[in-house]
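Q: Coordinates for the following, if possible.
(one chain, ligands or ions: 1)
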Amino acid sequence: METTEKLVSDARTYFLNGNTVSYDYRKKQLETLKKMLKTHEPQIYRALKKDLNKSKSEVFTTELGFLYSEIDYALKNLRYWMEPDKVTTPITHKGAKSYILREPYGVSLVISPWNYPLQLALAPIIGAISAGNCVVLKPSEHAKETSSLIKEMVESYFDPSFFTVVQGNKEITTELLKQPFDKIFFTGNSTVGKIVMKAASEHLTPVTLELGGKSPAIVDQDANINLAAKRMVWGKFTNAGQTCVAPDYVYVHEKVKFKFLKAVKKYIRTFYSKDPLKNNDYTRIINEKHFDRISSFLTNGTILHGGRTNRETLMIEPTILDRITWDDPIMKEEIFGPILPVLNFADLEEALNKIKTQDKPLALYYFGEDSQVQQQVISYVPFGGGTINDTLSHLANPHLPFGGVGSSGMGSYHGKYSFDTFSHEKSILKQTTKFDLPFRYPGGKITESIVKKVIK
Ligand code: NAD
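A: Modelled structure (predicted):
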């Protein structure tokens, strides 16, 4: 497609002309991004209400507020991030100095999903801009209102050769992926992640893949049950479970299961009312396809709480499913909806071994008070990142890299890690011309013995 080709080549010319390199340019673009969001807050709230029925407070905490704090953090630290990193030079290179430069990759492509359609589109852009890249954004076609608004806003605030938005479905994305980007940042499911990585390999383009999977939550017998239930309900049912790091299922110690589930039910009622389907602040499912997929799980196990749905409004009640086994369909794929399957264990090691045989999850949550056991859990099971005695919160700390491992992704971002993700680390060794030690050159008799002394 000619337009796609032109768009990328215009961005490349803009980049190669050095427009994006200076600190001042990057700073100005970050400030523009913040201004763009601040100015359009009412439209943003409206778009997210239409796409997902998100409440204002949820939009602020999980989308806008997150972006503001990432922009502010980048603005505060950008000058420092851009400085070369001096590193040690071994004695074998006496007289030389070494440092690492962070160089922008060039023209980056960001592909984003629909579940946090504003945050997940623009958070990687903060990294791309900070690192001095030009960027093409392909937001999700499923969050139509938000994606159109993003395009409209970006068009009126940014030079299109620097930052542009392409809307469309998988055909458009396929066309985009044929272009020789210098970096691709993809957020979405693992199946599409593989397509993206395959396309990237044609141009040997580096990729960051932010994928999903089944993130377990474990509630041990010594956990603070009330808090565990409260934080589980918040983490699971925020955005109606359409969160990549939502606890997918809960593994609870059999001794505390009854108490835990009673508390979970209490918090579902407290947060979402007795009739969540009539709660105008409760997020809906993105479309019929996902609604039908998620609803089909309601026949698994037994419904302990919730279970009602409304296909007209695309709402599914926060639901607890008991008597679930690993053979149930709900345990075979990422749920990505407001259904919490419950499994119980008597022996923690057995539970951990079972989790270990699954794909490496994006997140893991452990609830328990014994610090030795906490340590054992987090070091025994591989996963992207997680929290002890909480859910989701690790992703809101800009000092922690956020990303998956194995089938839940590769690479990371947030805070300085976003800057690093969109930068090439260029290694420089600056040699002195004041003297020239003879050891490395062939023909000198002392070479071998001296080198052997230095490199033991
Ligand atoms: P998705 O993979 O279906 O779509 C993501 C993007 O890829 C969209 O822009 C879409 O247009 C594009 N796309 C879809 N099919 C394509 C194809 N065949 N070729 C090229 N591009 C294609 O993901 P989704 O359904 O929007 O999001 C849900 C998934 O994303 C879940 O698995 C969730 O866990 C994951 N996710 C991960 C994170 C994270 O940070 N790790 C965040 C949010 C969502």
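
Q: contacts and neighbour counts: CA atoms only from here.
A: Will do.

Q: Spell out which residues belonging to the stretch 151-300 of the chain are near the ligand, please.
A: Selection of the stretch 151-300 of the chain residues close to the ligand by Cα under 6 Å from any ligand atom yields 169-170, 173-174, 187-189, 192, 210-213, 244.

Q: Just the buried ones from the residues you listed?
A: Buried members of those, counted by 16 or more other Cα atoms under 10 Å: 173, 187-189, 210-213, 244.

Q: between those residues, which is nearest residue 306?
A: residue 244 (22.0 Å; Cα to Cα).

Q: Now do the same for that closest one: helix, strand or coil?
A: coil (DSSP: H, G, I helix; E, B strand; the rest coil).

Q: contacting residues for it?
A: Neighbouring residues of residue 244 by Cα atoms under 8 Å, 6 or more residues apart in numbering: 211-213, 336, 362.

Q: Quickly note the distance from it to residue 176.
A: 25 Å (Cα to Cα, to the nearest Å).

Q: ok, residues contacting stretch 43-53?
A: In contact with stretch 43-53 (Cα under 8 Å, 6+ apart) are residues 37, 54-56, 59, 143-146, 149, 280-286.

Q: Can you say which of the residues you listed are buried?
A: 37, 54-56, 59, 143-146, 149, 281-286.

Q: Of these, which pair is most distant in space?
A: 37 and 285, at 24.8 Å, using Cα to Cα across the buried ones among the contacts of stretch 43-53.

Q: pretty sure residue 30 contacts residue 128?
A: No - when contacts are counted by Cα atoms under 8 Å, residue 30 is not listed as touching residue 128 (10.2 Å).

Q: More neighbours: which of those two?
A: residue 128 (30 against 20; other Cα atoms under 10 Å).

Q: quick one, what contacts that one?
A: With Cα under 8 Å, 6+ apart, residue 128 has these contacts: 108, 134-135, 418-419, 422.

Q: Can you tell me the element it falls in?
A: In the assignment (DSSP states H and E), residue 128 maps to helix 119-130.

Q: Can you name the residue of the stretch 201-350 of the chain nearest the ligand?
A: Across the stretch 201-350 of the chain, the shortest distance to the ligand (Cα to the nearest ligand atom) belongs to residue 212, at 3.1 Å.

Q: Got the confidence number for that residue?
A: Per-residue confidence for residue 212 comes out at a pLDDT of 95.

Q: same check, this time on residue 80
A: 98.

Q: in whatever helix or strand residue 425 lives in, what counts as buried?
A: Residue 425 is part of strand 423-430 when elements are defined by DSSP H and E. Neighbour counts over strand 423-430 (16+ other Cα under 10 Å) mark 423-425 as buried.

Q: Which elements pack onto it?
A: Counting contacts by 3 or more Cα pairs under 8 Å, 6 or more residues apart in numbering; DSSP states H and E, strand 423-430 is packed against strand 97-104.

Q: about what we covered before: out of the contacts of stretch 43-53, list just those in strands.
A: Using DSSP state E, no member of the contacts of stretch 43-53 sits in strands.

Q: Show the contacting residues for the nearest residue to residue 75 once chain neighbours are set aside.
A: Counting by Cα to Cα, 6 or more residues apart in numbering, residue 75 lies nearest to residue 27, which is 6.5 Å off, once chain neighbours are set aside. For residue 27, the contact set (Cα under 8 Å, 6+ apart) comprises 75, 78, 130.

Q: Among those, find me the one that's closest to the ligand.
A: residue 130 (19.3 Å).

Q: surely that closest one meets residue 28?
A: No - contact criterion Cα under 8 Å: residue 130 and residue 28 do not qualify, at 10.1 Å.

Q: Got phi/psi on residue 223?
A: Reported as degrees, to the nearest 10, the phi and psi values for residue 223 are phi -70, psi 160.

Q: How many neighbouring residues does it have?
A: Neighbours of residue 223 using other Cα under 10 Å come to 20.

Q: returning to that earlier point: which secondary structure element contains the residue nearest to residue 75?
A: Residue-wise, residue 27 maps onto helix 23-39 under DSSP H and E.

Q: quick check: angle from that helix to helix 119-130?
A: 160 degrees (axes from the mean of the first three to the mean of the last three Cα atoms, to 10 degrees).

Q: Could I get the buried residue list for helix 23-39?
A: 26-27, 29-30, 33-34, 36-37.

Q: Where does the prediction get shaky in the protein?
A: 1-2, 444-456 (pLDDT under 70).

Q: Mind doing that once more with 80?
A: 1-2, 439, 443-456 (pLDDT under 80).

Q: Could you list the domains of it?
A: Domain ranges of the chain: 2-211+406-428, 216-396, per automatic domain parsing.

Q: Throw those into TSV and include distance to residue 436, thanks.
A: Below are those laid out as TSV (distance: least, Cα to Cα, whole Å):
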stretch	distance to residue 436
domain 2-211+406-428	9
domain 216-396	48
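
Q: so which of the ones you listed gets nearest residue 435?
A: The minimum distance between residue 435 and the domains of the chain falls on domain 2-211+406-428, with 7.9 Å, by Cα to Cα.

Q: Quick one: distance of the closest one to the chain centre.
A: Distance of domain 2-211+406-428 from the chain centroid (Cα atoms, centre = their mean, to the nearest Å) equals 12 Å.

Q: Stretch 220-228 now?
A: 28 Å.

Q: contact partners of that stretch?
A: Counting by Cα under 8 Å, 6+ apart, 219, 252-256, 259-260, 263, 348, 366-370, 389-390 sit against stretch 220-228.

Q: Could you identify the buried members of the residues you listed?
A: Using 16+ other Cα under 10 Å, the buried ones in these are 219, 252-254, 256, 260, 263, 348, 366-368, 389-390.
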